[in-house]
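Colleague: Sharing a model that was predicted from the sequence below.
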Amino acid sequence: MTDRIECSAVIFDFDGTLADSMPFLEGIGVDIMMKYFGVSEDDARQRYQSTTGLPYEQQIKMNFPNNPRNEEAIDKFESLKIDRIFEQELFPDTVDTLKKLDEMGIDIYVSSSTFQSTIKEYFDRRNLTHYFEEILGYRPGFEKGADHFNYVASKHNQPMKYTIFVGDSLKDYERSQGFCHFIGIVGMFSANEFRKRGHKGYLVDSLKQIPPLLQPKNT
Ligand SMILES: [Mg+2]
């Protein structure tokens with residue numbers, strides 16, 4: 001018998017959590033680091049992965065502080081991303097999981113480092129927007145993590161102690177700390193890496209494993 005988490009809302013990361021977009025994003029992200037900053041593929045991949053979960057803008061600025069090519073590289077990434085992000089598929093169990101949580105009476109949100117208009121359009125095109133209370137994307141000063149969680153807490157009166165953030169990166173776990181529960185999706189990072197970072201809660205291989213871990217809480 002597992003200990004189910006009392007929960008009235010689930011907040012999902014987008015890239016690599018709901019959408020199988022990480023191979024595409026990592027591909028263009030690594031390619032741009034190699035082309036604009038002259039680093040090797042291994043070096044670029046390590047730099048990309050160690051900062052993944054952050055907006056690309058921040059990934060670049062952390063890896064190449066004050067480099068004159070930063071703005072150009074960031075613009076290039078965003079234009080390549082918008083060209084093909086809508087072709088990236090959801091994971092096979094994403095829609096069933098959203099449906100299940102909805103039936104359980106759990107409120108569903110997205111908190112992402114991708115621009116809000118992009119994610120909104122992504123779900124609009126698939127007629128899935130109705131599953132979400134609100135879709136929160138990135139703009140400078142309003143990021144995945146503290147900004148989005150505080151917004152959900154105050155705007156939607158959502159108690160953080162009954163909230164779960166679901167994400168696929170170590171940064172996602174870090175950003176949930178001090179706010180809400182976290183469930184990690186193992187894939188890009190191993191269970192061991194999440195544990196080493198300090199995550200003691202649930203880890204799953206796929207979204208469909210999440211609903212049975214939850215006990216709906218009426219708030
Ligand atoms: Mg992600």
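Modeller: Cool, got the structure.

Colleague: So if we follow the domain assignment, how does the chain break up?
Modeller: 5-20+88-216, 22-87 (automatic domain parsing).

Colleague: where does this structure dip in pLDDT?
Modeller: The chain contains residues with pLDDT under 70 at 1-2, 219.

Colleague: Can you point out the buried residues in the longest strand seen in the chain?
Modeller: As assigned by DSSP state E, the longest strand anywhere in the chain is strand 107-115. By 16 or more other C-beta atoms under 10 Å, the buried positions in strand 107-115 come out as Asp107, Ile108, Tyr109, Val110, Ser111, Ser112, Ser113, Thr114, Phe115. Using the backbone N, CA and C atoms, a C-beta is placed for each residue, glycine as well.

Colleague: Tell me the residues of this protein that contact the ion?
Modeller: Within the chain, the positions adjacent to the ion are Asp13, Asp15, Gly16, Asp168, Ser169 by C-beta under 5 Å from the ion.

Colleague: Dump these to JSON lines, plus neighbour count.
Modeller: Putting the residues of the chain next to the ion into JSON lines (neighbours: other C-beta atoms under 10 Å) gives the following:
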{"residue": "Asp13", "neighbour count": "25"}
{"residue": "Asp15", "neighbour count": "25"}
{"residue": "Gly16", "neighbour count": "23"}
{"residue": "Asp168", "neighbour count": "24"}
{"residue": "Ser169", "neighbour count": "27"}
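
Colleague: which of those residues lies closest to Pro216?
Modeller: Lowest distance from Pro216 to the residues of the chain next to the ion (C-beta to C-beta) belongs to Asp13, with 21.4 Å.
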